[in-house]
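S.K.: What would the 3D arrangement of this be:
(chains A and B)
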Protein chains: 2
Amino acid sequence: MVEEEDLAARITRLVEEVGRDKALLSQRLKDINPLDLAQVFQDLDDDIRDIVFEALEPAAAALLLDETDPATRERIIQESTPEELSQLVEVMPPDEGADLVDLLPEQKEKAVLEALEPPKATEIQELLEYDPETAGGLMTSKFAVLKQDMTVGQAIESTQGQVEAEDIYHLYVVDDAGVLKGLVPIRRLISARRDTPLSDIMQTEVISVLTNVDQEEVARMADMYNLAAIPVVDDLGRLQGIVTLDDVIDVIREEASEDVYRMAGTSAQHPTLESPGRRLVFRLPWLLILVVAGLINSIILRHFGHTLETITAVTFFIPVIIAMAGNVSLQSSSIMVRGLATGEVIYGRFFKILLGELSTGLLIGLACGTFIAFGSLLLHVESAKLSLAVGIALFFSISVAAVMGTVMPLMFHRLGADPAVASGPFVTTLNDICGLVIYLSVATALLT
Amino acid sequence: MVEEEDLAARITRLVEEVGRDKALLSQRLKDINPLDLAQVFQDLDDDIRDIVFEALEPAAAALLLDETDPATRERIIQESTPEELSQLVEVMPPDEGADLVDLLPEQKEKAVLEALEPPKATEIQELLEYDPETAGGLMTSKFAVLKQDMTVGQAIESTQGQVEAEDIYHLYVVDDAGVLKGLVPIRRLISARRDTPLSDIMQTEVISVLTNVDQEEVARMADMYNLAAIPVVDDLGRLQGIVTLDDVIDVIREEASEDVYRMAGTSAQHPTLESPGRRLVFRLPWLLILVVAGLINSIILRHFGHTLETITAVTFFIPVIIAMAGNVSLQSSSIMVRGLATGEVIYGRFFKILLGELSTGLLIGLACGTFIAFGSLLLHVESAKLSLAVGIALFFSISVAAVMGTVMPLMFHRLGADPAVASGPFVTTLNDICGLVIYLSVATALLT
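M.R.: You can find the predicted model right below:
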């Protein structure tokens, strides 16, 4: 593992020593794995960072750019000229190149594409036509294609010329129209006699996805079928590209992080390194909605003002009702959000799932309601009736929270919205309000 | 994509039609991809499920067992005899076989190991010695090893005999003592002349992990270095196994889900399909702690009883203070928990991160405090002083919540505990209490 702090210090020292001698710095930087460099890059001072980036070989710079954090990437992209960027794109795998070009403002995008070598430019332009969050946007067009009428010997020769990348897992076989017909595990290619027809050793059942399939679905399939790579085809079944597992891993990480951040009502990307101002822009709208919900709560409480004035002790249990309703709904909704992401929750199981959460909610409500009733009786002996009211209210508000926490993410998902957004603050707040109304109604009925 | 509901119905019909004719059922089940079957297996009735499982070929049964949900897996394992289980383990990849054996009670584990063929038994026993959550527990011992003094031709021949699996990405080269010396991308092996010494074409810089490295770290490295597989070595550098990307994907998914569930205070596994009773066992302890916290809150409120009696309107804003403190701390802690998991948050950046969250917290507190002060002034005109108190209290409690939400997951992580457990209910509740004390103190000071 990399000693991250040390590497940052080492690079800073290196730049301070030989920074003016660009050739020497460039030479010295070759000893550092660009992926390690990417990890510490954001910890370097801005000016050190600029000097280092300029001294890197295009291939290392491209790799670093792909691996560094979004804020740093954006900064480098903004400061680089179209010519510098096109040099980087030229050495990047086509899918990553397309992702980079996609980040540029229109003018700069055009300039970069014009500065590229024509075959690369066409390749990138084709990839740019796909939504970046689909199989098409994720796939690389760098893969080995074999024709179904080849022999093993021909296939081996053809492979050697076709692909520069060394991370090919399988070889895909197409017909004359480019339609995907099968795949040959590279190992089987080695072990077969050179005059065997490819069609004899190829696997004809190939799991593939259409270009417009959502990246989350691609990741789910790769995971479910334990695939090393998934071929991507168009409507006519023609092979367009492949999605490799390292991209799938990025998707799974991203989607999981997105779920967590969205459930907490923050931005969809990891915000640690964004400026406080930008973070505010993402988080404040959510929180202001919650403040409005708080004002609504204050109106509800004023509505029950008579009860509160008569029996101040009713106030004592407002926090616990709100906290429990919020927490139980957060539990239910977290389970739903992750389950939808991993495929453990599907609509065919809806009633089974709902019934399960409802029973759990009822049991939890019963347990917590009983516990708090006795607890409050012990602590605040003066009020047996109030303890009963709190117990009953907790039972009902927990049960409602469990059902709402289950149903709402599924409802959002069905409506095509992100279920993670529904969870967290949204469901929590709704359940706060419900819990409050339930509690104050029960308390008023029993005590006044 | 699989039509899941339909497949379940199709299988049920199949069993009803030919269930008694085991040979025919077995034959018909061969047409169904065991991975598709695994997806719908939990939706089948118990008796149908048992008939289907018994009719499967060992290889298909093993695959299904590995891919189905934990509850179903446990049930099958409980109901199978050691002989049946050993047949399954025999055809499983060694890492998955070891995982299965690891789930068994001691007696049954022994019986299964005894029923296995000796080489398989030794292999499994060796794997069982590793903690399942480490590189050693994750690795497979099924990989191709080449000796460094081989030629390309010898390497190709040796590979063909060595590995049955077709998902090898790279070939690892060891010396006579078994120490990892390099790797040869399989593609390079094809394209080289057969009399080339392996040492001429092998890559000598190989990223590897020790057997006791945590699985989360393994996943992070595979992701960071875009590796298709990671070799696992012992203290002496001897190659023990490899971790393949599909296992890494499982780890990433699991760890992400674990974070989400732990933050919500539920069990670490996806609980949709567990019984309500078992879910209760996981969730109730957390929730009872929160009930206790609620009782503490009730004592705090009683302590401020005089204020609440004199000015009932103070009560109206208790929910919003609690909700905001809880939500802001949930935002901060979610960011930390995911950041720690993905490696975006490291200790070298601690002060930078804390400062960033503190500034964000101050800004959010200022915005929300101002907003609620004016909002409550509009809604409840009678009380200008109360509005001021609410605004000030909200500012302070949000700022405190942002800092605590940032610091506590890091603190837990440093202490070796799971930061996700610290977040969610725990941090939220602590901030509820802080917010309440701040609010009631400010209100008492300003209003009485």
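S.K.: Specify the residue ranges that define each domain of chain A.
M.R.: With domains defined by automatic domain parsing, chain A comprises A:4-131, A:145-253, A:276-447.
S.K.: In stretch A:69-83, which of the residues would be classed as buried?
M.R.: A:69, A:71-73, A:75-77, A:80, A:82 (16 or more other CB atoms under 10 Å in any protein chain shown). C-betas here are computed from N, CA, C, even on glycine.
S.K.: That one near chain B at all?
M.R.: Yes. Using CB under 8 Å from any CB of the partner chain, stretch A:69-83 comes into contact with chain B via A:Asp69.
S.K.: mean confidence for that stretch?
M.R.: Stretch A:69-83 carries an average pLDDT of 82.
S.K.: Check stretch A:321-334 too.
M.R.: Computed over stretch A:321-334, the average pLDDT equals 88.
S.K.: One more: stretch A:213-224?
M.R.: Stretch A:213-224 comes out at a mean pLDDT of 86.
S.K.: ditto for stretch A:402-410
M.R.: Mean pLDDT, computed over stretch A:402-410, is 91.
S.K.: for chain A, what spans make up the strands?
M.R.: All strands of chain A, identified by DSSP state E, fall at A:145-147, A:170-174, A:180-185, A:209-210, A:229-233, A:239-244.
S.K.: Counting by contacts, list what the first one packs against.
M.R.: What that stands for is strand A:145-147. helix A:152-162, strand A:170-174 (3 or more CB pairs under 8 Å, 6 or more residues apart in numbering or on different chains; DSSP states H and E).
S.K.: Select from these the stretch with the lowest mean pLDDT.
M.R.: Taking mean pLDDT as the measure, helix A:152-162 is lowest among the helices and strands packed on strand A:145-147, coming in at a mean of 77.
S.K.: Local confidence estimate at the closest residue to chain B within the stretch 151-300 of chain A?
M.R.: Residue of the stretch 151-300 of chain A nearest chain B, by CB to the nearest CB: A:Gly294 (2.5 Å). As predicted, A:Gly294 sits at a pLDDT of 90.
S.K.: Contact partners for it?
M.R.: B:317, B:319-321, B:323-324, B:372 (CB atoms under 8 Å, 6 or more residues apart in numbering or on different chains).
S.K.: neighbours around A:Asp46, how many?
M.R.: 9 (other CB atoms under 10 Å in any protein chain shown).
S.K.: Kindly apply the preceding question to A:Gly348 instead.
M.R.: Residues near A:Gly348, counting by other CB under 10 Å: 16.
S.K.: And A:Leu116, by the same measure?
M.R.: 21.
S.K.: residue contacts, the closest residue to it other than its chain neighbours?
M.R.: Among residues not flanking A:Leu116 along the chain, A:Ser86 sits closest, at 5.0 Å (CB to CB, 6 or more residues apart in numbering or on different chains). Applying CB under 8 Å, 6+ apart to A:Ser86 gives the contacts A:112-113, A:115-116.
S.K.: Could you identify which of the residues you listed has the most neighbours?
M.R.: A:Val112 (26 neighbours).
S.K.: show me the residues around that one that make contact.
M.R.: Counted by CB under 8 Å, 6+ apart, A:Val112 has contacts A:82, A:85-86, A:89, A:101, A:104.
S.K.: any idea which of those is closest to chain B?
M.R.: Using CB to the nearest CB, the contacts of A:Val112 come closest to chain B at A:Val89, 18.3 Å.
S.K.: Look up how far A:Glu83 lies from that closest one.
M.R.: Distance check for A:Val89 against A:Glu83: by CB to CB, to the nearest Å, it reads 11 Å.
S.K.: Quick check, pLDDT for the residue positioned nearest the centre of chain A.
M.R.: When CA atoms, centre = their mean is applied to chain A, the residue found nearest the centroid is A:Glu255 (1.9 Å). pLDDT recorded at A:Glu255 is 81.
S.K.: Please give me every residue in contact with it.
M.R.: A:Glu255 neighbours (CB under 8 Å, 6+ apart): A:215-216, A:219, A:341.
S.K.: Neighbour-wise, which one of these leads?
M.R.: Going by other CB under 10 Å, A:Ala219 tops these with 29 neighbours.
S.K.: That one is in contact with A:Asp246, isn't it?
M.R.: No. A:Ala219 lies out of contact with A:Asp246 (CB atoms under 8 Å); the separation is 11.7 Å.
S.K.: any idea which of the domains of chain A is most buried?
M.R.: domain A:276-447 (a mean of 21; mean count of other CB atoms under 10 Å in any protein chain shown).
S.K.: how far does that domain stretch from start to finish?
M.R.: Criterion CA to CA, to the nearest Å; first-to-last residue distance in domain A:276-447 is 48 Å.
S.K.: quick one: contacts for whichever residue of the stretch 301-448 of chain A sits closest to chain B?
M.R.: For the stretch 301-448 of chain A and chain B, the shortest gap (CB to the nearest CB) falls at A:Val320, measuring 2.5 Å. A:Val320 sits next to A:372, A:390, A:394, B:290-291, B:293-295, B:297-298 when contact means CB under 8 Å, 6+ apart.
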